[in-house]
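Colleague: pasting a predicted model and its sequence here:
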Amino acid sequence: MSVETDRLISTRPSSGEEERIEQSLRPGTLAEYVGQEKIRGQLEIFIEAARGRSEALDHVLLYGPPGNGKTSIAERVSAIYGDIIYVPQAIEVDGQIIKVFDPALHKPVQTNSQEDESNSIRKESLDRRYVACKRPVVITGGELTLETLDLVWDEVHKYYEAPFQMKANGGMFLIDDFGRQQVRPRDLLATLGYPGFWHMARKYWRMGTYELYRSASKSAFVRSLQKLVPEIQAADIGRGGAGVRAQAVSPDGSLVDDFKISVTEGAVHVVNAPSPAATASLAIGRHIASLAGDTFKLGR
């Protein structure tokens with residue numbers, strides 16, 4: 001049985017010209033998008049407000065029935081920030097390489113060596129460790145798992161591959177078909193939907209990257225333990241379940257390191273406590289009991 005070589009067996013464009021034509025038919029900006037006037041109007045307000053604050057756009061959840069243009073609108077939003085960013089080929093953490101630049105996600109651009117109004121930094125002609133790229137748009141769908149949000153070890157090339165959200169830094173991370181992932185939507189929203197997480201990640205990205213690397217690398221974990229107990233060797237430890245320490249993060253990304261107690265109708269919430277010793281404090285207990293008495297009108 002023979003197979004016709006010109007028979008279409010893939011949904012991918014068969015040539016670069018076909019892809020170029022397809023992209024030219026799509027709206028290039030949000031203003032060119034036809035339909036969904038209400039959503040476009042709201043997004044334009046959000047975007048201008050973010051620009052006025054010189055901040056990235058907060059998280060946006062677009063929902064509705066299939067085929068109403070949610071993905072197309074999201075892709076148009078990414079085109080608003082049309083300037084160039086410089087993506088590192090890789091970064092080094094504790095002697096290990098984490099590959100960041102991904103040709104499948106980052107689109108290099110040809111730039112002049114001289115400065116111009118849109119880009120005041122022109123380091124690609126001086127430092128090849130960086131690649132001048134359009135702001136990335138990383139789209140993931142049902143294949144997304146919590147594991148893909150962690151570092152991935154490449155056994156062949158002996159380096160770590162950066163996770164999706166790290167490759168999307170400076171651009172857009174788009175989760176398509178939300179709810180069809182191999183992870184509970186609630187867990188994804190808890191991690192990615194809270195603005196404080198992204199503010200914290202931008203502020204402490206070096207430490208966060210190191211923690212991801214140390215969790216994935218036994219040798220790195222042993223080296224960190226040896227700073228406390230020099231006699232520990234790799235043979236002394238084995239892999240187990242990950243421990244969890246809760247850390248309260250405020251919406252602006254700052255770490256909450258003191259008591260935070262919130263009172264709502266019919267409830268007193270101890271949102272954060274700095275240490276087990278503090279939670280055992282009688283003075284704190286009396287304070288919470290007093291709040292509970294006022295909230296629940298006890299003894300009246």
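Modeller: Noted; the coordinates are in hand. A quick note: this is a predicted structure, and the numbers were derived from the prediction, not measured.
Colleague: okay, CA-based contacts and neighbour counts for the rest of this
Modeller: Fine.
Colleague: in stretch 213-233, what counts as buried?
Modeller: Tyr213, Arg214, Ser215, Ala216, Ala220, Phe221, Val222, Arg223 (16 or more other Cα atoms under 10 Å).
Colleague: ok, now stretch 255-269?
Modeller: Result for stretch 255-269 [16+ other Cα under 10 Å]: buried residues Val268.
Colleague: run through who's touching it.
Modeller: For stretch 255-269, the external contacting residues (Cα atoms under 8 Å, 6 or more residues apart in numbering) are 200, 247-250, 270-274, 288, 291-292, 295-296.
Colleague: what segments of the chain are strands?
Modeller: For the chain, applying DSSP state E gives strands covering 84-88, 90-93, 96-99, 130-134, 137-140, 152-154, 159-161, 172-175, 260-264, 267-272.
Colleague: so which of those strands comes closest to Arg51?
Modeller: Closest to Arg51 of the strands of the chain, according to Cα to Cα: strand 172-175, at 15.3 Å.
Colleague: who are the contact partners of Met172?
Modeller: By Cα under 8 Å, 6+ apart, the contact set of Met172 is Ser78, Arg135, Pro136, Val137, Val138.
Colleague: can you put these in CSV and add distance to Asp236, neighbour count and pLDDT?
Modeller: Shown next, in CSV, are the contacts of Met172 (distance: Cα to Cα, whole Å; neighbours: other Cα atoms under 10 Å; pLDDT from 0 to 100):
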residue, distance to Asp236, neighbour count, pLDDT
Ser78, 49, 20, 69
Arg135, 45, 25, 84
Pro136, 43, 23, 86
Val137, 43, 21, 83
Val138, 40, 20, 84
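Colleague: quick one, what contacts the spatially closest residue to Phe197 that is not a sequence neighbour?
Modeller: Of all residues not flanking Phe197 in the chain, Gly253 sits nearest, at 6.2 Å (Cα to Cα, 6 or more residues apart in numbering). By Cα under 8 Å, 6+ apart, the residues touching Gly253 are Pro195, Gly196, Phe197, Trp198, His199, Met200, Ala201, Lys203.
Colleague: from Leu62, how far out is the nearest residue to the first one once chain neighbours are set aside?
Modeller: If the residues on either side of it in the chain are set aside, Pro195 comes closest to Pro251, at 5.8 Å by Cα to Cα, 6+ apart. Pro251 is 21 Å from Leu62, where distance means Cα to Cα, to the nearest Å.
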